[in-house]
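Engineer: Fold the following for me, if possible:
(chains A and B)
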Amino acid sequence: MQKKGEQMRILKGNPVSPGLALASIYIYKAFKADVHESYFPAGQEEEHFLKFKDAIEMAEKELNEIVTSMSAESPDKAKIFTAHTEILLDEEIEEGVREMIYESHAMPDYAVDEVFSEFAKLLEKAKDPLIAARAADLRDVRNRVLRILKGEKENNLSSLRENCIVVAHDLLPSDTATMDRQRVMGIITEVGGATSHTAILARGYKIPAVLGVKDATEILNNGDNVILDALKGTVLVEPDKDTIEVYRQKLVEYIQEERQTSEYLDRIPLVASGERYSVGLNIGGTEPEEGFKYVDYVGLFRTEFLYMGSEYMPTEEEQFQAYRKVLANAMGNPVTLRTLDIGGDKTLKYMALPKEDNPFLGNRALRLCLQHMDMFRTQLRAALRASAFGNLQIMFPMVGTMDDIRAANKVVAEVKAELRAEGIAFDERVKVGIMIEIPSIALISDQAVKEVDFGSVGTNDLTQYLHAVDRMNPAITDYYHSMSPAMFRVLGKVFEEYNKAGKEISVCGELAGDHMAALVMFGLGLRKFSMNASNIARVKRTLSLFTLEEAKEIAKKVLNLATQAEVIEFVKGEIEKKN
Amino acid sequence: MYTKQTELKNISGLHARPASEFVAMAKSFESAVTVRRLDDPEAKAVNAKSIIKILSQGIAVGTPIEIAADGPDEETAVEKLIAMVDSKFGED
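Structural biologist: Model (predicted):
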């Protein structure tokens, strides 16, 4: 039973900035403010307030130095510290501290801690996640002032002696921004998600990062050798020689690949013979992601986050505000809002749904909405109201029959009439379309296309329903063939009918972001590919290598292959020939 | 006391750069200046010279606000801040 030697330990976390790194660990412990509630005897007010004012002056000097040294090289990061200066000099903060010192006789460090914490809480309550994230800046400035009050020098990551992977409980904006980028090969923290400050900055610097690794500062030691796999979200501690060799090879390939691919991110999407196609973005929140800059439209805006992240049914107003924000993020480009897609594997805390034997074949998405008319109407009202503020399209998931289309369209017409009667503005020409993910609606595309404004293929569910494979069942993942000849035959038929009718057809499932599948689908007539931001560069790069005629040839051959394995081998070979 | 109302017209609202510029402008006046959201009956008027207070209001595009000033340069203060908001802070 016992294994020889020690087994390599693997830690897990959220990969928030992709990449790989092999290096030794540097445990970073930032200045820890140890503040206690304490007071001074009356009569020393002036003296203590002056201490506070001196600390503020010193902090301002430090910040100015950072801004000056960073402005030339990285103006974006310098801005963080300009914002810190603004916070530092905020007159409400000074007023709060003055009051505590003069009226309560609070020691300056206690007063500073209290006032900053109170303001940080105020910002955290803001609905906008970007404002809430600025609470981190407040804590950062507070720590700076407290450190100066204690007479300690600045301790940061700006002068590291060797290449390392930084491990910390959390990194404050000033830690990441002044960090020596030449030496930091990777970042591991115990807390933080994809939208945290550390994640945003790590992506900006292109440093691989895995956050939310529990007890990382306890488990890891200074000098431990680790492999940080920020593609998968794992940390391999003290790996053996063979593992190191495998990763070394992977790292070399990854770097080469990244360098070549990243150049394509902001290129105009064109194939080698000059035809333009459109690239879309899939989103599931209201954050203004960087990806918006590189796309022509939002092909899939999932709205479940509003419902699943809430303790109650989100109100019309809450939804309206969220949809409007997304339209603003899209900067005038079309946004395809998918109405609520729950049931199956997704449930709501505040809505009891009976347990089903086959939830994926059960009462989900549009089916469920049509049975919960209040919920459905509320969402449609919010969406239609938002349509007055941008370019919005509405899309229904899980459409199986013409009856579904007609029932959903009828509700839209009723809600529109209601808004008109109330004199509420909305875009009268708002397009309404369907997700194509059930084979029965794909196969009658010639008829469906007449009653919708557009179609968008959800290839994940289409694979599941076409192949009769529950995609949540780990025992049958080998049966999930999204690139089977059968899939491409169905897709080809769908593209043909929508193109013939002159209606928009897009793919917003995983296949659109897979460069091999995208090539085949381009050959089959698809011109709109909506994907996650991380796939954009690769898809653009692969499509740029082929002419329209070549893509058509490839697609024709794929339709006549027998298995998914044959399809992948063939398409991979064609792409390798070009590289 | 001098007051005037308007609505945020720039896409990013009173966040980030616009918020900084707004506060910097407010600070250039001697008068006490406040901002109040009009769409929320419970919202209080907050100090326009405090970046933290302004951010905490989360004033997004489309939000109606009232700017008030009290002091020797109250009229100029309000008029200039309103003009700044109405110029969309140079966005688009």
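Engineer: And the residue of chain B closest to chain A?
Structural biologist: Closest residue of chain B to chain A, Cβ to the nearest Cβ: B:Ser50 (3.9 Å). (Each C-beta comes from the backbone N, C-alpha and C, glycine too.)
Engineer: Could you pull up the residues touching the closest residue to chain B within the stretch 51-200 of chain A?
Structural biologist: Relative to chain B, the nearest point of the stretch 51-200 of chain A is A:Glu92 (3.9 Å; Cβ to the nearest Cβ). Neighbouring residues of A:Glu92 by Cβ atoms under 8 Å, 6 or more residues apart in numbering or on different chains: A:119, B:47, B:49-50, B:52-53.
Engineer: Let me know whether the host helix or strand of A:Ile80 sits next to chain B.
Structural biologist: Here A:Ile80 sits within helix A:75-88, counting by DSSP states H and E. Yes. Shown here: helix A:75-88 in contact with chain B (Cβ under 8 Å from any Cβ of the partner chain) through A:83, A:86-87.
Engineer: Go ahead and name everything in contact with that helix.
Structural biologist: Outside helix A:75-88, the residues that reach it (Cβ under 8 Å, 6+ apart) are A:56, A:59-60, A:63-64, A:66-67, A:70-71, A:93, A:134, A:137-138, A:140-141, A:144-145, A:173-174, A:177, A:201, A:204, B:20, B:23, B:51-52.
Engineer: all strands for the stretch 251-400 of chain A, in order.
Structural biologist: A:278-283, A:297-302, A:335-338, A:392-396 (DSSP state E, counting those that start in this stretch).
Engineer: re the thing from before, pull out the buried residues from the helix holding A:Ile80.
Structural biologist: For helix A:75-88, the neighbour count (16 or more other Cβ atoms under 10 Å in any protein chain shown) marks A:77-88 as buried.
Engineer: Among these, show me the least confident.
Structural biologist: Checking pLDDT across the buried residues of helix A:75-88, the minimum falls on A:Lys77 at 73.
Engineer: one step back: give me the buried subset of the contacts of helix A:75-88.
Structural biologist: If we count by 16+ other Cβ under 10 Å, the contacts of helix A:75-88 have these buried: A:56, A:59, A:63, A:66-67, A:70, A:93, A:134, A:137-138, A:140-141, A:144-145, A:173-174, A:177, A:201, B:20, B:23, B:51-52.
Engineer: and the residue nearest to the spatial centre of chain B, what helix or strand is that in?
Structural biologist: Centre of chain B computed as the mean C-alpha position; nearest residue by Cα atoms, centre = their mean is B:Val35, 5.1 Å away. Counting by DSSP H and E, the element that carries B:Val35 is strand B:32-37.
Engineer: other SSEs contacting the very next helix or strand once past that strand?
Structural biologist: Per DSSP H and E, strand B:32-37 leads on to strand B:46-47 as the next helix or strand towards the C-terminus. Secondary-structure packing of strand B:46-47 (3 or more Cβ pairs under 8 Å, 6 or more residues apart in numbering or on different chains; DSSP states H and E): strand B:32-37, helix B:51-56.
Engineer: hang on, the earlier thing: identify the residue spatially nearest to the residue nearest to the centre of chain B, adjacent ones excluded.
Structural biologist: B:Ala48 (4.9 Å; Cβ to Cβ, 6 or more residues apart in numbering or on different chains).
Engineer: Just give me the neighbour total for the one you found.
Structural biologist: Applying other Cβ atoms under 10 Å in any protein chain shown, we find 26 residues neighbouring B:Ala48.
Engineer: Show the contacting residues for it.
Structural biologist: So B:Ala48 contacts B:22-23, B:26, B:33-35, B:54, B:67, B:81 (Cβ under 8 Å, 6+ apart).
Engineer: one more time with 6 Å, if that's ok
Structural biologist: Contact analysis of B:Ala48 by Cβ atoms under 6 Å, 6 or more residues apart in numbering or on different chains lists B:26, B:33-35.
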